[in-house]
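Student: Fold the stuff below for me.
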Amino acid sequence: MDVLTEIMALLRTEGHLYGRLELTAPFGLEFPGRKGICLVVTRGACLLGVEDQALVPLVGGDFVFLPAPEAYSLRSSPRARLRAAEEVSPPEAFHRSRLITYGGGGTPTTVVAGCFTFASPEGELLVKHLPPILHLPASGAHATPWFQSTTQFIAAEVAQDLPGSPAIVDRLAEVLFIEAMRARIQESSLAGGQSWLRALADPQIGEALRRMHAEPGRAWTVPELARAASMSRSAFAARFRELVGETPLEHLTQWRMVRAARMMRERRSMKLAAIADAVGYESESSFGKVFRRVMGVSPGRYRLNHRREKARAA
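Tutor: Numbering: from 1, shown residues only. Model prediction:
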(Lines give C-alpha, C1' and ligand atoms only; values in the text may rest on other atoms or scores of the structure.)
Protein backbone atom coordinates (compact mmCIF):
# COMPACT_ATOMS: atom_id res chain seq x y z
CA MET A 1 0.00 0.00 0.00
CA ASP A 2 1.53 3.38 -0.97
CA VAL A 3 1.75 6.23 1.54
CA LEU A 4 -1.13 8.28 0.13
CA THR A 5 -3.44 5.24 0.10
CA GLU A 6 -2.55 4.48 3.71
CA ILE A 7 -3.09 8.09 4.76
CA MET A 8 -6.44 8.36 3.00
CA ALA A 9 -7.61 5.12 4.60
CA LEU A 10 -7.02 6.84 7.92
CA LEU A 11 -8.56 10.13 6.81
CA ARG A 12 -11.93 8.78 5.71
CA THR A 13 -14.41 11.62 5.94
CA GLU A 14 -17.96 11.89 7.21
CA GLY A 15 -20.04 14.68 5.69
CA HIS A 16 -22.29 16.77 7.89
CA LEU A 17 -23.84 19.64 5.95
CA TYR A 18 -23.64 21.08 2.50
CA GLY A 19 -25.34 24.20 1.23
CA ARG A 20 -25.21 26.84 -1.47
CA LEU A 21 -24.07 30.44 -1.23
CA GLU A 22 -25.60 32.70 -3.89
CA LEU A 23 -23.57 35.91 -3.70
CA THR A 24 -23.69 39.08 -5.80
CA ALA A 25 -21.08 41.85 -5.82
CA PRO A 26 -20.30 43.66 -3.69
CA PHE A 27 -20.32 41.10 -0.90
CA GLY A 28 -18.30 40.09 2.14
CA LEU A 29 -19.24 37.30 4.54
CA GLU A 30 -17.29 35.99 7.51
CA PHE A 31 -17.95 32.45 8.70
CA PRO A 32 -17.13 30.83 12.04
CA GLY A 33 -14.39 28.27 11.80
CA ARG A 34 -14.70 24.56 12.37
CA LYS A 35 -12.79 21.50 11.27
CA GLY A 36 -13.02 20.19 7.73
CA ILE A 37 -14.42 23.09 5.69
CA CYS A 38 -14.68 22.41 1.96
CA LEU A 39 -15.65 24.95 -0.69
CA VAL A 40 -16.43 24.47 -4.38
CA VAL A 41 -16.81 27.59 -6.51
CA THR A 42 -19.26 26.73 -9.28
CA ARG A 43 -19.46 30.13 -11.00
CA GLY A 44 -18.06 33.63 -10.70
CA ALA A 45 -15.10 34.63 -8.56
CA CYS A 46 -14.27 35.71 -5.03
CA LEU A 47 -11.45 36.12 -2.54
CA LEU A 48 -10.92 33.66 0.30
CA GLY A 49 -9.55 34.93 3.59
CA VAL A 50 -8.27 32.57 6.27
CA GLU A 51 -6.94 34.18 9.45
CA ASP A 52 -3.54 35.78 8.80
CA GLN A 53 -3.05 34.12 5.39
CA ALA A 54 -2.94 36.26 2.23
CA LEU A 55 -6.25 36.50 0.36
CA VAL A 56 -6.62 33.66 -2.15
CA PRO A 57 -8.39 34.39 -5.47
CA LEU A 58 -10.97 31.72 -6.34
CA VAL A 59 -12.79 31.21 -9.63
CA GLY A 60 -15.42 28.86 -10.97
CA GLY A 61 -14.28 25.23 -10.77
CA ASP A 62 -11.90 25.73 -7.83
CA PHE A 63 -11.94 23.37 -4.83
CA VAL A 64 -10.66 24.38 -1.39
CA PHE A 65 -10.23 22.40 1.82
CA LEU A 66 -9.57 24.18 5.13
CA PRO A 67 -8.47 21.68 7.81
CA ALA A 68 -9.25 23.72 10.92
CA PRO A 69 -9.73 27.48 10.42
CA GLU A 70 -10.67 29.66 13.39
CA ALA A 71 -12.64 31.73 10.89
CA TYR A 72 -12.74 32.34 7.15
CA SER A 73 -14.31 34.85 4.78
CA LEU A 74 -15.49 35.18 1.19
CA ARG A 75 -15.53 38.63 -0.40
CA SER A 76 -15.90 40.22 -3.80
CA SER A 77 -12.91 42.56 -3.39
CA PRO A 78 -10.14 43.20 -0.85
CA ARG A 79 -11.96 46.27 0.50
CA ALA A 80 -15.40 44.67 0.73
CA ARG A 81 -17.03 45.14 4.14
CA LEU A 82 -17.39 41.87 6.01
CA ARG A 83 -20.59 40.85 7.71
CA ALA A 84 -21.05 37.83 9.96
CA ALA A 85 -22.79 35.01 8.10
CA GLU A 86 -24.99 34.33 11.14
CA GLU A 87 -26.48 37.82 10.79
CA VAL A 88 -27.45 37.15 7.18
CA SER A 89 -28.74 33.63 7.77
CA PRO A 90 -29.04 32.18 11.30
CA PRO A 91 -27.61 28.64 11.56
CA GLU A 92 -31.06 27.08 11.99
CA ALA A 93 -32.29 28.79 8.80
CA PHE A 94 -29.27 27.57 6.82
CA HIS A 95 -29.70 24.03 8.14
CA ARG A 96 -33.30 24.14 6.95
CA SER A 97 -32.92 25.76 3.53
CA ARG A 98 -29.24 25.04 2.76
CA LEU A 99 -29.11 28.39 1.00
CA ILE A 100 -27.65 31.82 1.76
CA THR A 101 -28.43 34.66 -0.63
CA TYR A 102 -26.49 37.88 -0.08
CA GLY A 103 -24.90 40.83 -1.87
CA GLY A 104 -25.43 44.06 -3.73
CA GLY A 105 -27.00 42.71 -6.90
CA GLY A 106 -23.92 42.81 -9.14
CA THR A 107 -21.89 40.02 -10.71
CA PRO A 108 -23.02 36.66 -9.28
CA THR A 109 -20.85 34.08 -7.57
CA THR A 110 -22.01 30.65 -6.41
CA VAL A 111 -20.16 28.59 -3.82
CA VAL A 112 -21.04 25.16 -2.48
CA ALA A 113 -19.92 25.13 1.15
CA GLY A 114 -19.81 22.19 3.48
CA CYS A 115 -17.95 20.55 6.29
CA PHE A 116 -16.90 17.08 7.15
CA THR A 117 -15.06 15.48 10.01
CA PHE A 118 -12.68 12.57 9.96
CA ALA A 119 -14.17 9.20 10.70
CA SER A 120 -11.42 8.13 13.09
CA PRO A 121 -9.96 10.08 16.03
CA GLU A 122 -6.37 9.50 14.93
CA GLY A 123 -7.14 11.54 11.82
CA GLU A 124 -6.56 14.56 14.02
CA LEU A 125 -2.88 13.61 14.36
CA LEU A 126 -2.49 13.63 10.58
CA VAL A 127 -4.58 16.74 9.92
CA LYS A 128 -2.29 18.89 12.05
CA HIS A 129 0.37 18.47 9.35
CA LEU A 130 -1.86 19.83 6.59
CA PRO A 131 -1.36 23.41 5.38
CA PRO A 132 -4.09 25.87 6.47
CA ILE A 133 -5.40 26.00 2.90
CA LEU A 134 -5.49 23.13 0.37
CA HIS A 135 -6.43 24.81 -2.93
CA LEU A 136 -7.09 22.88 -6.11
CA PRO A 137 -7.56 25.50 -8.86
CA ALA A 138 -9.70 24.77 -11.89
CA SER A 139 -6.82 25.53 -14.27
CA GLY A 140 -4.04 23.40 -12.77
CA ALA A 141 -2.35 20.33 -14.25
CA HIS A 142 -4.85 18.19 -12.35
CA ALA A 143 -7.81 19.93 -14.03
CA THR A 144 -8.84 16.93 -16.10
CA PRO A 145 -12.33 16.54 -17.57
CA TRP A 146 -13.32 14.26 -14.66
CA PHE A 147 -12.25 16.90 -12.14
CA GLN A 148 -14.32 19.57 -13.87
CA SER A 149 -17.26 17.20 -14.22
CA THR A 150 -17.08 16.35 -10.51
CA THR A 151 -17.35 20.00 -9.44
CA GLN A 152 -20.27 20.47 -11.84
CA PHE A 153 -21.97 17.33 -10.52
CA ILE A 154 -21.63 18.63 -6.94
CA ALA A 155 -23.22 21.94 -7.97
CA ALA A 156 -26.13 20.15 -9.65
CA GLU A 157 -26.76 17.84 -6.69
CA VAL A 158 -26.81 20.71 -4.18
CA ALA A 159 -29.07 22.82 -6.39
CA GLN A 160 -31.60 20.03 -7.00
CA ASP A 161 -31.57 18.67 -3.43
CA LEU A 162 -32.90 15.28 -4.51
CA PRO A 163 -33.18 12.29 -2.16
CA GLY A 164 -29.69 10.98 -1.44
CA SER A 165 -27.99 14.21 -2.58
CA PRO A 166 -26.12 14.76 0.71
CA ALA A 167 -24.54 11.30 0.48
CA ILE A 168 -23.54 11.85 -3.15
CA VAL A 169 -22.06 15.27 -2.43
CA ASP A 170 -20.17 13.84 0.54
CA ARG A 171 -18.57 11.12 -1.58
CA LEU A 172 -17.70 13.50 -4.41
CA ALA A 173 -16.17 16.02 -2.01
CA GLU A 174 -14.03 13.26 -0.54
CA VAL A 175 -12.79 12.40 -4.05
CA LEU A 176 -11.79 16.05 -4.57
CA PHE A 177 -10.07 16.05 -1.18
CA ILE A 178 -8.01 13.00 -2.16
CA GLU A 179 -7.07 14.68 -5.43
CA ALA A 180 -6.03 17.80 -3.52
CA MET A 181 -3.82 15.68 -1.25
CA ARG A 182 -2.30 13.88 -4.22
CA ALA A 183 -1.61 17.12 -6.07
CA ARG A 184 0.00 18.57 -2.96
CA ILE A 185 2.29 15.57 -2.49
CA GLN A 186 3.28 15.46 -6.15
CA GLU A 187 4.31 19.10 -6.33
CA SER A 188 8.00 19.17 -7.06
CA SER A 189 8.68 22.30 -5.02
CA LEU A 190 6.60 22.89 -1.92
CA ALA A 191 6.68 26.23 -0.21
CA GLY A 192 5.22 26.95 3.17
CA GLY A 193 5.34 25.48 6.63
CA GLN A 194 6.44 22.17 8.01
CA SER A 195 4.36 19.11 7.16
CA TRP A 196 4.67 15.48 6.20
CA LEU A 197 3.18 16.43 2.81
CA ARG A 198 6.13 18.68 2.12
CA ALA A 199 8.53 15.99 3.33
CA LEU A 200 7.02 13.28 1.10
CA ALA A 201 7.97 15.36 -1.95
CA ASP A 202 11.62 15.45 -0.86
CA PRO A 203 13.50 12.59 -2.58
CA GLN A 204 15.63 11.68 0.45
CA ILE A 205 13.36 12.42 3.42
CA GLY A 206 10.39 11.09 1.45
CA GLU A 207 12.17 7.74 1.06
CA ALA A 208 12.75 7.53 4.82
CA LEU A 209 9.11 8.37 5.50
CA ARG A 210 7.91 5.71 3.06
CA ARG A 211 10.04 3.08 4.77
CA MET A 212 8.85 4.06 8.25
CA HIS A 213 5.22 4.05 7.15
CA ALA A 214 5.59 0.69 5.40
CA GLU A 215 7.24 -1.04 8.39
CA PRO A 216 6.19 0.75 11.59
CA GLY A 217 7.02 -2.31 13.70
CA ARG A 218 10.66 -2.35 12.68
CA ALA A 219 13.19 -1.16 15.28
CA TRP A 220 14.22 1.88 13.27
CA THR A 221 17.17 4.00 14.37
CA VAL A 222 18.13 7.44 13.11
CA PRO A 223 21.42 6.14 11.59
CA GLU A 224 19.52 3.40 9.76
CA LEU A 225 16.99 5.89 8.40
CA ALA A 226 19.80 8.24 7.40
CA ARG A 227 21.42 5.43 5.40
CA ALA A 228 18.09 4.75 3.69
CA ALA A 229 18.00 8.42 2.71
CA SER A 230 21.67 8.34 1.60
CA MET A 231 22.54 11.10 4.06
CA SER A 232 24.75 11.54 7.09
CA ARG A 233 23.02 11.13 10.44
CA SER A 234 23.30 14.81 11.38
CA ALA A 235 22.21 16.10 7.97
CA PHE A 236 19.26 13.70 7.89
CA ALA A 237 18.06 14.62 11.38
CA ALA A 238 18.30 18.36 10.65
CA ARG A 239 16.58 18.08 7.25
CA PHE A 240 13.81 15.86 8.66
CA ARG A 241 13.00 18.31 11.45
CA GLU A 242 13.13 21.22 9.00
CA LEU A 243 10.53 19.61 6.72
CA VAL A 244 8.33 17.65 9.12
CA GLY A 245 8.55 19.79 12.24
CA GLU A 246 9.48 16.90 14.55
CA THR A 247 12.31 14.39 14.90
CA PRO A 248 12.29 11.10 12.94
CA LEU A 249 11.57 9.05 16.06
CA GLU A 250 8.80 11.42 17.21
CA HIS A 251 7.14 11.00 13.83
CA LEU A 252 7.64 7.23 13.95
CA THR A 253 6.00 7.08 17.39
CA GLN A 254 2.95 9.02 16.22
CA TRP A 255 2.62 6.89 13.10
CA ARG A 256 2.85 3.71 15.18
CA MET A 257 0.01 4.90 17.41
CA VAL A 258 -2.10 5.82 14.37
CA ARG A 259 -1.58 2.35 12.92
CA ALA A 260 -2.29 0.70 16.27
CA ALA A 261 -5.55 2.62 16.60
CA ARG A 262 -6.59 1.47 13.15
CA MET A 263 -5.88 -2.15 14.07
CA MET A 264 -7.96 -1.80 17.23
CA ARG A 265 -10.91 -0.54 15.16
CA GLU A 266 -10.65 -3.03 12.33
CA ARG A 267 -9.44 -6.18 14.12
CA ARG A 268 -11.58 -6.35 17.21
CA SER A 269 -10.42 -9.87 18.14
CA MET A 270 -6.72 -8.96 17.97
CA LYS A 271 -5.10 -8.91 21.40
CA LEU A 272 -3.45 -5.68 22.57
CA ALA A 273 -0.19 -7.55 23.06
CA ALA A 274 -0.23 -8.58 19.38
CA ILE A 275 -0.99 -5.00 18.31
CA ALA A 276 1.85 -3.72 20.49
CA ASP A 277 4.24 -6.20 18.86
CA ALA A 278 3.02 -5.27 15.36
CA VAL A 279 3.97 -1.62 15.90
CA GLY A 280 7.33 -2.28 17.51
CA TYR A 281 6.77 -2.61 21.26
CA GLU A 282 8.02 -5.60 23.24
CA SER A 283 5.52 -5.24 26.04
CA GLU A 284 1.85 -4.28 26.24
CA SER A 285 2.55 -1.98 29.19
CA SER A 286 5.17 0.12 27.38
CA PHE A 287 2.88 0.34 24.35
CA GLY A 288 -0.03 1.39 26.57
CA LYS A 289 1.96 4.24 28.12
CA VAL A 290 2.95 5.65 24.74
CA PHE A 291 -0.56 5.20 23.31
CA ARG A 292 -2.08 7.11 26.23
CA ARG A 293 0.46 9.92 25.85
CA VAL A 294 -0.07 10.32 22.11
CA MET A 295 -3.79 9.56 21.81
CA GLY A 296 -4.93 10.93 25.16
CA VAL A 297 -6.67 7.71 26.19
CA SER A 298 -5.63 4.18 27.11
CA PRO A 299 -5.80 1.43 24.45
CA GLY A 300 -8.55 -0.35 26.36
CA ARG A 301 -10.65 2.83 26.66
CA TYR A 302 -10.05 3.64 22.99
CA ARG A 303 -11.32 0.22 21.93
CA LEU A 304 -14.33 0.47 24.26
CA ASN A 305 -15.22 3.94 22.98
CA HIS A 306 -15.08 2.71 19.40
CA ARG A 307 -17.38 -0.22 20.17
CA ARG A 308 -19.88 2.11 21.79
CA GLU A 309 -19.81 4.44 18.78
CA LYS A 310 -20.40 1.48 16.45
CA ALA A 311 -23.32 0.34 18.59
CA ARG A 312 -24.91 3.80 18.55
CA ALA A 313 -24.48 4.05 14.77
CA ALA A 314 -26.19 0.69 14.31
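
Student: Show me which residues of the helix ranked longest in the chain are buried.
Tutor: In the chain, with assignment by DSSP state H, the single longest helix is helix 165-186. Of the residues in helix 165-186, 165-166, 168-170, 172-174, 176-181, 183-185 count as buried by neighbour count, 16 or more other Cβ atoms under 10 Å. The way it works is simple: take the backbone N, C-alpha and C, and place the C-beta from them, glycine included.

Student: Which neighbouring elements make contact with it?
Tutor: For helix 165-186, the packing partners by 3 or more Cβ pairs under 8 Å, 6 or more residues apart in numbering; DSSP states H and E come out as helix 3-10, strand 13-24, strand 37-43, strand 63-66, strand 108-118, strand 134-136, helix 145-160, helix 196-200.

Student: now it: how far from the chain's centre is it?
Tutor: Between the centre of helix 165-186 and the centre of its host chain there is 10 Å, according to Cα atoms, centre = their mean, to the nearest Å.

Student: Could you check the angle it makes with strand 37-43?
Tutor: Relative orientation of helix 165-186 with respect to strand 37-43: 100 degrees, computed using axes from the mean of the first three to the mean of the last three Cα atoms, to 10 degrees.

Student: For helix 165-186, what does the pLDDT average out to?
Tutor: Here helix 165-186 scores 76 as its mean pLDDT.

Student: Repeat that for stretch 62-82.
Tutor: pLDDT averaged over stretch 62-82 gives 92.

Student: chain center to it: distance?
Tutor: Taking mean C-alpha positions (Cα atoms, centre = their mean), stretch 62-82 and its chain are 17 Å apart.

Student: before we move on, what about stretch 266-276?
Tutor: 27 Å.

Student: and it, how far apart are its ends?
Tutor: One end of stretch 266-276 sits 15 Å from the other (Cα to Cα, to the nearest Å).

Student: Repeat that for stretch 271-285.
Tutor: Note: stretch 271-285 ends 13 Å apart using Cα to Cα.

Student: before we move on, what about stretch 24-31?
Tutor: Start-to-end, stretch 24-31 (Cα to Cα) is 17 Å.

Student: Need the residues that contact it.
Tutor: Residues outside stretch 24-31 that contact it (Cβ atoms under 8 Å, 6 or more residues apart in numbering): 21, 23, 37, 46, 71-77, 80-85, 88, 100, 102-109, 113.

Student: Thanks a lot, see you next time.
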